[in-house]
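Asks: sequence plus predicted model, see below.
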Amino acid sequence: MNHITFARNLVKGKIAETIFAQMLREVGTFTVLEFGYEKIVPELVGEGLKEEKGTLNILRTSPDFAVINKKTKEVRLIEVKYLHTLNNDYVFRYAQRMAESWNPSYLFIATLDGFYFDEVSIICENKGNISPLNHPQIPKDVQENYLKILRDFEGNN
């Protein structure tokens, strides 16, 4: 993979994370906290954490967000991924990797066809099949607005 392709994929991933976080913040039912490896490890290393391979490997797979439902007080650890089109083999492998260290955790996938969301253990049981995002507190019209942003970006690149 060349540097330009890598940079494009990195930007697409950040866009998916931003869309996810803003969509949940817009509905007002969730507190969205950044939680991922990129946020945690620099702070820990700065505090003198010894870079033990086991610990860092677990942290490398840490989900991007901790999301708190303001009504139920449930906390969910959610990894966000961008895929141009849904790929069940990739989703299955990724869910297996997450399940090894972060169970329970959830996977949100942004594609040009829509958003998908499931618990990692369910994705593993279903061999990579992931359900379309169907959440009573995230209306379809809100999802469509954010999907349009993703499509607009992808159409211009």
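Replies: Received the coordinates, thanks. All of these numbers come straight from a predicted model, not from anything done at the bench.

Asks: phi, psi of Thr72?
Replies: phi -90, psi -20 (degrees, to the nearest 10).

Asks: dump the residue contacts of Asp152.
Replies: If a contact means Cβ atoms under 8 Å, 6 or more residues apart in numbering, then Asp152 has no contacts. C-beta coordinates here come from the backbone N, C-alpha and C atoms, glycine included.

Asks: so for the strand or helix carrying it, what gets flagged as buried?
Replies: Using DSSP states H and E, Asp152 sits within helix 140-155. For helix 140-155, burial by neighbour count (16 or more other Cβ atoms under 10 Å) applies to Gln143, Tyr146, Leu147, Leu150.

Asks: again, but for stretch 61-70
Replies: So for stretch 61-70, counting by 16+ other Cβ under 10 Å, buried means Thr61, Ser62, Pro63, Asp64, Phe65, Ala66, Val67, Ile68.

Asks: returning to what we had before: show me which of the buried residues of helix 140-155 is closest to Val32.
Replies: Checking these against Val32 by Cβ to Cβ gives Tyr146 as the nearest, at 13.5 Å.
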